[in-house]
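In: Quick one: sequence plus predicted model below, questions after.
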Amino acid sequence: MTGPEPGGAAGDARRSGAAGQFGQSWWARAWVEALQQRAQLDPNRLPRGIAYARSGNVDDLVIGPGEVQAQVGGRERKPYQVRIRVRTFDDGQWAQVLDAVAARAAHAAAMLAGQLPAEVAADVVDAGLNLLPDAGELGPRCTCPDEADPCKHAAAVCYLVAEALDSDPFLVLLLRGRSRDEVLAGLRSRRREPAKAGSGPPGPSDPGPSVVDQGSTVLSPIPSPGDEGLDARAVFAMASTDAAPPPVPPPVPPLPPERPGRPSPLPLDLPLELGGLRADLLALAIDTARRAWDLATGASVDGGLSLDPDADLARRANAGLGTTDFSQLAARSGVRERELARQALAWRHGGLPGFDTLRARWEPATEGEPGTAELLQAAQAAVRDATGLTPHLRHDRITVAGLQLRLGRDDRWYPYRRIGSSWEPAGSPDLDPAAALTPLLGS
């Protein structure tokens, strides 16, 4: 693959007007160029692919070793399944890549510092390989009937891959078969090699001094700030010698990511009769990642594992609102889409307490804590003052002029709006009934 020249001018970022906002970094531009070369026979699919990518038609984009998977909404009710295959490097080829990069100290140091300079691509080319796939290596496949290569659905996914490369160029390594951590670990091991021969003090680009045993075999470097962890053998060696270096503080556990992770694609093709199983497994993996993220960030005590089936369905429906997964979830659960959307909105606004206010009414005056009856009367008066109308109080609900407040068992008031023949969750709850109702007034 020729691709743009490493270190080229930023003005070349949009060499093709069709590329638009996709392809700001060198790595992303090279990916888009490979797509454009492949689409020379059907160039009209690219603008339509950009439109699909920008309009949010692509869901569940997963980038894994040698493969990209996504679902793309089209004219049919069921989304199309897109897979883009990229040839992965074998162990011998990865050894060539790592040797080539490690030979350039500045490039290796940049990668270990969290950057992937474009010049690394030239290092790999010198080794007889190419990190970025050329047009012939991109293998887009789509379940749509369009025979173009790529079709607009696959083109949309390719543009979003370029956008992902803008955010994290290390994904190009994953497409070739190895994660960022695996590649950096390989670079670290190669940069420790000079210490085996007792080659003197480390250079300025080295990660830090190494701990060596009596046979001059490198065990592990002493971690410098930002390095990843401690090698157990090195720690043992330091503790068992009289001239041990100063103790190194233990590594700080990493903070959770800003959003849940994405699962890797299945590394196999399922029989046609089991085609739906892939989507089911992917949905479960995505939901598992979301639960784990909730636990790691403290957003949930148990990741929702204690929920009953109805509440868990509402939780999953909330995550699927506005995506093609929502209709599939409704169909498989046997719940009408309108009703499932009500449940999802109740969960979105109030979690489990909010969902409970939707599915069941209760009698606060008799079931609540002492003083709940007075709370209801005070809330009724507050609603009257806010609206100038006389509200109707019944059970746990105060109704006035097509609006309603429901008292949850957490003592918060949940706002509802009447739409057609049903009451729809309409906003965030509040301990103050007037504050919960005010956003709905005049809207």
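Out: Perfect, thanks for sending it.

In: what ranges do the helices span in the stretch 51-200 of the chain?
Out: In the stretch 51-200 of the chain, the segments counted as helices under DSSP state H, counting those that start in this stretch are 91-102, 105-112, 119-126, 152-167, 171-175, 180-191.

In: Generate JSON lines for those helices, with mean neighbour count as supplementary columns.
Out: Where you see a C-beta, it was placed from the backbone N, CA and C, and this is true even at glycine. Putting those into JSON lines (neighbours: other Cβ atoms under 10 Å) gives the following:
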{"stretch": "helix 91-102", "mean neighbour count": "17"}
{"stretch": "helix 105-112", "mean neighbour count": "18"}
{"stretch": "helix 119-126", "mean neighbour count": "18"}
{"stretch": "helix 152-167", "mean neighbour count": "25"}
{"stretch": "helix 171-175", "mean neighbour count": "23"}
{"stretch": "helix 180-191", "mean neighbour count": "17"}
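
In: Which one of those lies nearest to I286?
Out: Of all the helices of the stretch 51-200 of the chain, helix 152-167 sits nearest to I286, with 16.3 Å by Cβ to Cβ.

In: Output the contacting helices and strands for that closest one.
Out: On a contact count with 3 or more Cβ pairs under 8 Å, 6 or more residues apart in numbering; DSSP states H and E, helix 152-167 meets helix 26-38, helix 45-54, strand 58-64, strand 67-72, strand 80-85, strand 139-142, helix 171-175.

In: what angle sits between the fifth one and strand 58-64?
Out: Comparing the axes of strand 80-85 and strand 58-64 via axes from the mean of the first three to the mean of the last three Cα atoms, to 10 degrees yields an angle of 20 degrees.

In: ok, and what's touching strand 80-85?
Out: Applying Cβ atoms under 8 Å, 6 or more residues apart in numbering, the external contacts of strand 80-85 come out as 66-74, 138-144, 153-154, 156-158, 161, 265, 275, 278-279.

In: that older thread, of all the helices of the stretch 51-200 of the chain, which lies closest to E339?
Out: Nearest to E339 among the helices of the stretch 51-200 of the chain is helix 152-167 (30.9 Å), distances taken as Cβ to Cβ.

In: distance between the ends of stretch 144-160?
Out: One end of stretch 144-160 sits 19 Å from the other (Cα to Cα, to the nearest Å).

In: One more: stretch 101-121?
Out: For stretch 101-121, by Cα to Cα, the gap between its terminal residues amounts to 9 Å.

In: Now for the nearest residue to A299 once chain neighbours are set aside: which residues touch it?
Out: For A299, ignoring the flanking residues on the chain, the nearest one in space by Cβ to Cβ, 6 or more residues apart in numbering is W293 at 7.7 Å. Neighbour list for W293: 256-257, 259-261, 299 [criterion: Cβ under 8 Å, 6+ apart].

In: Please convert those residues to a markdown table, extending it with secondary structure, pLDDT and distance to A311.
Out: What follows is the contacts of W293, written out as a markdown table (DSSP: H, G, I helix; E, B strand; the rest coil; pLDDT from 0 to 100; distance: Cβ to Cβ, whole Å):
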| residue | secondary structure | pLDDT | distance to A311 |
| --- | --- | --- | --- |
| P256 | coil | 79 | 24 |
| P257 | coil | 79 | 26 |
| R259 | coil | 79 | 23 |
| P260 | coil | 81 | 20 |
| G261 | coil | 75 | 24 |
| A299 | coil | 77 | 16 |
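
In: Give the burial count for the residue lying closest to R262 once chain neighbours are set aside, as a bare number.
Out: What sits nearest to R262 in space, not counting adjacent residues and going by Cβ to Cβ, 6+ apart, is V62, at 5.2 Å. The number of residues packed near V62 is 18, by other Cβ atoms under 10 Å.

In: isn't V62 right up against V68?
Out: Yes - taking contacts as Cβ atoms under 8 Å, V62 lies within contact range of V68: 7.0 Å.

In: show me where the protein has strands.
Out: For the chain, the strands defined by DSSP state E occupy 58-64, 67-72, 80-85, 139-142, 210-212, 218-221, 392-394, 397-400, 403-407, 413-419, 422-425.

In: between those strands, which gets nearest to A285?
Out: With respect to A285, and counting by Cβ to Cβ, the nearest of the strands of the chain is strand 58-64 at 8.8 Å.

In: Listing partners with orientation, what would you give for the closest one?
Out: Partners of strand 58-64 in the sheet, by DSSP bridges, are strand 67-72 (antiparallel).

In: confidence score at A426?
Out: In this model, A426 is scored at 93, pLDDT.

In: In contact with it, which residues?
Out: 349, 403, 415-417, 440.

In: for A317, same thing?
Out: A317 makes contact with 326, 329-330, 340-341, 343-344, 347, according to Cβ under 8 Å, 6+ apart.

In: now it, nearest residue through space, not along the chain?
Out: Spatially, and ignoring its direct neighbours in sequence, A317 is nearest to A344 (3.7 Å; Cβ to Cβ, 6+ apart).

In: Any idea how many residues pack against the one you found?
Out: Residues contacting A344 under the criterion other Cβ under 10 Å number 26.

In: And the pLDDT at it?
Out: Note for A344: predicted pLDDT of 94.

In: Isn't I50 up against V157?
Out: No - when contacts are counted by Cβ under 8 Å, I50 is not listed as touching V157 (11.6 Å).

In: Return the set of buried residues in stretch 427-442.
Out: 427, 429-430, 433-434, 436-438, 440 (16 or more other Cβ atoms under 10 Å).

In: Closest to E374 out of those?
Out: Nearest to E374 among the buried residues of stretch 427-442 is P433, at 13.3 Å by Cβ to Cβ.

In: residues touching the closest one, list them.
Out: 379, 382-383, 398, 405, 413.

In: mind redoing it with 7 Å?
Out: Each residue near P433 by Cβ atoms under 7 Å, 6 or more residues apart in numbering is listed here: 379, 382-383, 405, 413.

In: most surrounded residue in these?
Out: L405 (28 neighbours).

In: Distance check, that residue against P65.
Out: Going from L405 to P65 by Cβ to Cβ, to the nearest Å gives 52 Å.

In: where are the low-confidence patches of this protein?
Out: Within the chain, the segments meeting pLDDT under 70 span 1-23, 38-44, 135, 192-252, 264-276, 443.

In: separation between the residue nearest to V183 when sequence neighbours are not counted and V120?
Out: Excluding the flanking residues, the one nearest V183 by Cβ to Cβ, 6+ apart is L173, at 5.1 Å. Look at L173 and V120: by Cβ to Cβ, they are 10 Å apart.

In: sorry, back to before: pipe the contacts of P433 into a markdown table and attach distance to R190 per row.
Out: What follows is the contacts of P433, written out as a markdown table (distance: Cβ to Cβ, whole Å):
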| residue | distance to R190 |
| --- | --- |
| A379 | 69 |
| A382 | 70 |
| V383 | 71 |
| L405 | 66 |
| W413 | 63 |
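
In: Which single one of the residues you listed is nearest to S179?
Out: Nearest to S179 among those: W413, at 48.1 Å, using Cβ to Cβ.
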